[in-house]
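>>> what follows is a predicted protein model with its sequence.
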Amino acid sequence: MALSWKSWIANEGGKHLILVMWLGANAWLFWRTFILYYSGPQYYYLHKMLGLGLCISRASASVLNLNCSLVLLPMCRSLLTCLRGSQKLVSRKGRRLLDKSKAFHVACGVAICVFSVVHVLAHLTNVLSFSVRYSEEFPSLNVAHHRGEDPRIIILTTVPGVTGVLLVLILFLMFTASSYGIRVSNYEIFWYTHNLFFVFYIVLLVHVIGGALKYQTNVDAHPPGCFRPNRTSPEPRPSPKSEWEPVLPGSEWPMGGDGFNSICKEDARFQAHFPETWLWVSGPLCLYCAERLYRYVRSSTPVTVVSVVSHPCDVIEVRMVKKRFKARPGQYVVLNCPSVSSLEGHPFTLTACPTERKATFGIHLRVLGDWTERFTELLLPDPCMNSEILPIVQQRRYPKLYIDGPFGSPSEEVFNYEVSLCVAGGIGVTPFASVLNALLDEWQWYKLRRVYFIWICRELQSFYWFADLLCAVHQKLWQDNRPDYLNIQLYLSKAEGLQNMSEERYQALSSRLLIGRPRWKVVFEEIGKANKHKRVGVFCCGPKGISKTLHKLCNSNHVFGTTFEYNKESFS
Amino acid sequence: MGKIEWAMWANEQALAAGLILLTGGIVGVAGQFRDWEFAAYGVAAGVFICFLEYPRGMRNKGTSVERTGQYCLTVCVKAFGPVTRNYYVRAGLHAALCVPGAFILPTVLGCVCLAIASIIYLVAAIRGEQWLPILPKKTEKRVEMGKSIAYPPQNPPPRPPPELRRKRAEDLEGAAYVNPIAVTANE
């Protein structure tokens, strides 16, 4: 599978462009701030006292400003969902970039950690310099109280010092709980520590009012390094490159230390900066808080559970109804059930979206962990009830359920390609189930002309989750004279003994059931041959192995000139 | 809700704290601070902690995610037996190791982070968690058949004994198969 430039650019080009732009922005900011503190005249005396530590610490601080403001933006999920929905505002390429919002958040987070380390190390040397090079000449520039003061005392008695230590501790807690292993095994630790971000930002806003680093306000009246007639300057005056010329005091001198040739008109005055971080951070922070408030208000009305159906292989379907709830196929919601756990919210893809004709929407959830187990116990009727009694339609007491969402996902794009390949592994079929439900309603509306649907399961019983839906869509498309619209392939990856779907009504599926794993190269060749020079959207929702293989195949060369664009659902 | 395994988080923290201690120690030694012996100690302690904490322990339920290349260190750490298995020992060890870091400036942060990791290890130990090594399972090599072939049958087809194999005219129903052509008696 040779890598092909055309395929690679179609698939990875946008992401890498954004990455390069972001790296460029960081590098430019770092460089610009570094140069400013290195050779800016208003920092001349400070630079002499602190040295390189000043430049590095301020440069890393400006990079931190940028990243602390950018890191919040990908987490404004409702905003991103709106952007995804507005097909006029954002092109398909832009929407594909939105799929990578979590990866961008992680990149900014890593940058924050790395540059925090640099910033802390640089400031530690600054603190040492403040202590060792205590300046008697410019006492207002000092942070230490006397020469040789213990640096640890300087840190613990100044506002920036104490808040800095606190920030590092919070960052340490957040960072160590965010690794992949922790998210997979103990998501709660990750979630609760990550919510400390709010404390982090408050402390950050306090950290920058410290005003430890000051700039000189009267550079024109007191050019740096100028000759002070009343006192001898403590450091030796370097000989300037140009000749020593007698100059009238009060005339303009170029910046950059050439003030050696001039006489000071007044003493240097220093002032602390306006905290620039407030300008960077307040916008995104307000946006994020507004978004959380909006989500909280929107999810405060509980949903009404209409029915609960139990499916084979530990899957239950919950159908609900909620006023003014609109969702597009492929979106997901976050469920919160206070009777199970008051603070936890779990994401589930919608398998049926509300339409004009039918207001109910549904999710399929697989019982895998303790939350889903407890939730299923509360929803399903007692198994020990006597089954001989006629099933009375009783007003079953369902637990209160809250829904946050809907949120966008890459699977919404299935309708925006002419040809789409949908690959599902096990319960990963849920986004495509909502797509199929939408096709059942009105397939003519969409740009989509052909769907290749590949569903891989371990057990035969799993196919019964959506066997009815698949047969219904298949039947409808045949009746509407579009037999090539939907191409179904079902794969049973673990086959012991001969298995088949023997029911009469599932005949369409049993003839499309294959034993074993799909051979992806063959599948791609087949699709490429039938759709030459077209752009095929590949959507995968399943285990990592399949996803990696598909991604590699999409990036590789294709003989028939077809471009495969890879879109992946990502969990956690 | 559900059981949280604190040890895993404590492990991440201790590894990060070890790295921070190491970095601080290197800075201290390179900058030739006043009490640079403490910085040298920081380097040594940081390296030791990184080696001790790099291999992840096994989870109680669910799949354990290994760190790349942790197998050799797993074997080394496992060799110490109960000393490394018990989390009380680890909590105490980290608490003791972090104290000398507080004396000079560069290693202060490493000291504080290690103290936090020690506290979380204590919580894990109180809840009765233990460090168990992740060892690779011995998987038997399965014969690579063509992937689309179902498993071949395990037993031979049932056959009646020889005298009953041919259908007898007097006992057509008792036979093991159905004959498309009518059976005639043996002449």
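Yep, it's here.
>>> for residue B:7, grab the count of nearby residues.
Under the neighbour criterion other CB atoms under 10 Å in any protein chain shown, residue B:7 is assigned a count of 24. All C-beta spots, glycine's among them, are computed from the backbone N, C-alpha and C.
>>> now residue A:427
A count of nearby residues for residue A:427, using other CB under 10 Å, gives 20.
>>> what sits against it?
Shown in contact with residue A:427 (CB atoms under 8 Å, 6 or more residues apart in numbering or on different chains): A:315, A:364, A:366.
>>> can you do 6 Å?
Under the criterion of CB atoms under 6 Å, 6 or more residues apart in numbering or on different chains, the neighbours of residue A:427 are residue A:366.
>>> now swap in residue B:46 and tell me
In this structure, residue B:46 makes contact with B:18, B:21-22, B:25, judged by CB under 6 Å, 6+ apart.
>>> taking the stretch 201-350 of chain A, what residue is nearest to chain B?
At 4.3 Å from chain B, residue A:341 is the closest residue in the stretch 201-350 of chain A, using CB to the nearest CB.
>>> using PDB, write down the CA coordinates of the host helix or strand of residue A:296.
Assignment of secondary structure by DSSP states H and E places residue A:296 within helix A:276-298. This file holds the C-alpha atoms of helix A:276-298, laid out as PDB (Å, rounded to 0.1, in the frame of the first residue of the first chain):
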ATOM      1  CA  GLU A 276      -2.000  41.300  29.100                       C
ATOM      2  CA  THR A 277      -3.200  37.800  29.900                       C
ATOM      3  CA  TRP A 278      -6.600  39.300  30.900                       C
ATOM      4  CA  LEU A 279      -7.100  40.400  27.300                       C
ATOM      5  CA  TRP A 280      -6.100  37.000  25.900                       C
ATOM      6  CA  VAL A 281      -8.000  34.800  28.300                       C
ATOM      7  CA  SER A 282     -11.200  36.600  29.200                       C
ATOM      8  CA  GLY A 283     -12.800  36.200  25.800                       C
ATOM      9  CA  PRO A 284     -12.600  32.500  25.400                       C
ATOM     10  CA  LEU A 285     -13.300  32.000  29.100                       C
ATOM     11  CA  CYS A 286     -16.500  34.000  28.900                       C
ATOM     12  CA  LEU A 287     -17.500  32.200  25.800                       C
ATOM     13  CA  TYR A 288     -16.900  28.800  27.400                       C
ATOM     14  CA  CYS A 289     -18.800  29.800  30.500                       C
ATOM     15  CA  ALA A 290     -21.700  31.100  28.400                       C
ATOM     16  CA  GLU A 291     -21.700  27.800  26.500                       C
ATOM     17  CA  ARG A 292     -21.800  25.800  29.800                       C
ATOM     18  CA  LEU A 293     -24.600  27.900  31.100                       C
ATOM     19  CA  TYR A 294     -26.600  27.400  27.900                       C
ATOM     20  CA  ARG A 295     -26.100  23.700  28.000                       C
ATOM     21  CA  TYR A 296     -27.100  23.600  31.600                       C
ATOM     22  CA  VAL A 297     -30.300  25.500  30.900                       C
ATOM     23  CA  ARG A 298     -31.100  23.500  27.900                       C
END
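>>> quickly run through the sheet partners of the very next helix or strand once past that helix, with directions.
Sequence-wise, the next helix or strand beyond helix A:276-298 is strand A:304-311, with elements assigned using DSSP H and E. Here strand A:304-311 is paired, per DSSP bridges, with strand A:315-321 (antiparallel).
>>> so how far is the partner strand off the chain centroid?
Centroid separation for strand A:315-321 versus its chain: 28 Å, with CA atoms, centre = their mean, to the nearest Å.
>>> now the helix or strand following it: buried residues?
Past strand A:315-321, heading to the C-terminal end, the next element that is a helix or strand (DSSP H and E) is strand A:332-336. For strand A:332-336, burial by neighbour count (16 or more other CB atoms under 10 Å in any protein chain shown) applies to A:332-336.
>>> and the lengthiest helix in chain A, which residues are buried?
Among all segments of chain A classified by DSSP state H, the helix with the greatest residue count is helix A:5-39. By neighbour count with 16+ other CB under 10 Å, helix A:5-39 contains the buried residues A:7, A:10-11, A:22, A:26, A:29-30, A:33-34, A:36-37.
>>> so who does residue A:97 touch?
residue A:14.
>>> that one: which element?
The secondary structure element spanning residue A:97 is helix A:92-98 (assigned by DSSP H and E).
>>> export that helix to PDB, keeping only CA atoms.
Output of helix A:92-98 as PDB, limited to C-alpha atoms (Å, rounded to 0.1, in the frame of the first residue of the first chain):
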ATOM      1  CA  ARG A  92     -16.900  20.400   4.000                       C
ATOM      2  CA  LYS A  93     -13.200  20.800   4.400                       C
ATOM      3  CA  GLY A  94     -13.800  23.100   7.400                       C
ATOM      4  CA  ARG A  95     -16.200  20.600   8.900                       C
ATOM      5  CA  ARG A  96     -13.700  17.900   8.600                       C
ATOM      6  CA  LEU A  97     -11.200  20.000  10.500                       C
ATOM      7  CA  LEU A  98     -13.800  20.300  13.300                       C
END
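>>> let me see the mean pLDDT of it.
For helix A:92-98, mean pLDDT rounds to 85.
>>> chain center to it, what's the gap?
Between the mean C-alpha position of helix A:92-98 and that of its chain there is a distance of 14 Å (CA atoms, centre = their mean).
>>> equivalent analysis for stretch B:117-136, please.
Shown here is stretch B:117-136, whose average C-alpha point lies 13 Å from the average C-alpha point of the whole chain (CA atoms, centre = their mean).
>>> hang on, the earlier thing: I'd like the next helix or strand past the helix holding residue A:97.
Sequence order places helix A:101-132 as the next helix or strand after helix A:92-98, per DSSP H and E.
>>> roughly how far does the nearest residue to residue A:70 once chain neighbours are set aside sit from residue A:94?
When the adjacent residues along the chain are set aside, residue A:70 lies closest to residue A:108, with 5.0 Å between them (CB to CB, 6 or more residues apart in numbering or on different chains). Here the distance between residue A:108 and residue A:94 works out to 19 Å (CB to CB, to the nearest Å).
>>> now swap in residue A:58 and tell me
Between residue A:58 and residue A:94 the distance, using CB to CB, works out to 35 Å.
>>> next: residue B:129.
Distance, residue B:129 to residue A:94, using CB to CB: 47 Å.
>>> one more: residue A:86?
Plainly put, residue A:86 is 10 Å away from residue A:94 if you go by CB to CB.
>>> likewise residue A:165?
Following CB to CB, the distance that separates residue A:165 from residue A:94 is 41 Å.
>>> okay, those two: which has more neighbours?
residue A:165 (18 against 12).
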